[in-house]
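1. I'll drop the sequence and a predicted model, then ask my questions.
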Amino acid sequence: MLRKILQPFYTAYVVLIFVATLFAVLPFYLVLSLSNTAASRKMVWRLTWLWSWLWLRLTGMWVRRFGALPQGDPFVIIANHVSYLDPIVIYDVLPFYFRPLAKHEIKNVPLFGFIYAQIALLVDRSSVQSRAASMRAMQDALQYDCSVFMYPEGTFNESADAMQAFYDGAFRLAIEAQVPILPIVFPDTKARWHYSAWWKMWPGKNRAYILEPISVEGLSLEDVPVLKEKVRAIMGDELMRQMDKPNN
């Protein structure tokens with residue numbers, strides 16, 4: 001009952017902080033967006049990291065990371081997707097430069113959409129040409145620039161399963177580029193900001209579990225079905241294990 005009474009006030013506070021902090025950094029994004037270079041994108045990433053770090057703490061939705069951060073080569077980073085909060089939390093989880101894959105519709109989100117589009121690799125999944133272009137862009141990013149972040153489920157998991165069926169894209173990309181896959185699971189973001197409505201927010205800790213990188217060395221595209229089911233099982237098992245634990 002108390003949560004039901006307080007939630008509208010908390011949501012209003014979160015929205016206020018969201019808008020205020022985005023307006024504060026917007027001029028810097030506008031300046032940096034004038035130059036679409038690797039250096040400017042890194043500065044955009046650093047600014048986004050700083051904004052997410054600040055916003056999560058001001059709203060009481062801080063992040064606690066578990067697992068060792070890998071070093072070295074770029075990765076195809078993947079995570080489960082259950083909340084509007086996931087694209088923000090990932091910046092607080094990973095302190096190294098990466099570029100996320102995002103739906104082109106995100107550009108339509110006021111303020112945040114413009115900001116996110118400055119660093120994201122955008123794709124229109126309804127277009128074969130757009131999907132092919134985004135795959136080439138991700139391959140180029142892995143080869144010349146940085147790691148790439150994707151949601152293998154493609155959209156919010158609204159099913160009763162720990163994880164929905166995976167699309168092939170992340171695994172084809174990892175095999176073709178011969179870079180390891182870095183899985184991450186978020187067991188708490190749905191409780192912080194539920195996918196069913198933008199206003200269903202509540203403060204608390206967001207745990208992020210960084211799992212062991214998965215090598216694709218020597219694999220071919222014929223191995224994609226087996227690889228994606230293997231990774232889905234690893235992530236699903238870890239997610240269920242952590243969801244059964246109290247969020248202390």
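-> Right, received. Where do you want to start? No experiment lies behind these values; they were computed from the predicted model shown.
2. contacts, neighbours, all on C-alpha from now
-> OK.
3. List the buried residues for the longest helix along the chain?
-> The longest helix of the chain (DSSP state H) is helix 2-32. For helix 2-32, burial by neighbour count (16 or more other Cα atoms under 10 Å) applies to 7, 10-11, 14, 17-18, 22, 26, 29, 32.
4. Also stretch 40-59?
-> Of the residues in stretch 40-59, 40-46, 48-49, 51-53, 55-56, 59 count as buried by neighbour count, 16+ other Cα under 10 Å.
5. any idea how far that stretch is from the chain center?
-> 13 Å (Cα atoms, centre = their mean, to the nearest Å).
6. quick one: contacts of that stretch?
-> With Cα atoms under 8 Å, 6 or more residues apart in numbering as the test, stretch 40-59 has contacts from 13-14, 17-18, 21-22, 25, 29, 32-33, 62-63, 88-89, 91-92, 95, 97-98, 118-119, 203.
7. ok, now stretch 1-10?
-> 199-202.
8. now that stretch: mean pLDDT?
-> The average pLDDT within stretch 1-10 is 88.
9. Run the chain-centre distance for it.
-> Distance, centroid of stretch 1-10 to centroid of chain: 28 Å (Cα atoms, centre = their mean).
10. what do you get for stretch 178-191?
-> Distance of stretch 178-191 from its chain centroid, counting by Cα atoms, centre = their mean, is 8 Å.
11. Let's see that stretch as PDB, backbone CA atoms only.
-> Output of stretch 178-191 as PDB, limited to C-alpha atoms (Å, rounded to 0.1, in the frame of the first residue of the first chain):
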ATOM      1  CA  GLN A 178      36.600 -13.900 -34.400                       C
ATOM      2  CA  VAL A 179      36.200 -12.000 -31.100                       C
ATOM      3  CA  PRO A 180      34.900 -13.500 -27.800                       C
ATOM      4  CA  ILE A 181      31.400 -13.100 -26.500                       C
ATOM      5  CA  LEU A 182      31.000 -11.300 -23.100                       C
ATOM      6  CA  PRO A 183      27.700 -12.200 -21.400                       C
ATOM      7  CA  ILE A 184      26.200 -10.100 -18.700                       C
ATOM      8  CA  VAL A 185      22.900 -10.600 -16.700                       C
ATOM      9  CA  PHE A 186      20.700  -8.100 -15.000                       C
ATOM     10  CA  PRO A 187      18.500  -9.800 -12.400                       C
ATOM     11  CA  ASP A 188      17.000  -6.600 -10.900                       C
ATOM     12  CA  THR A 189      16.400  -4.000 -13.500                       C
ATOM     13  CA  LYS A 190      12.800  -5.100 -14.100                       C
ATOM     14  CA  ALA A 191      12.100  -4.500 -10.400                       C
END
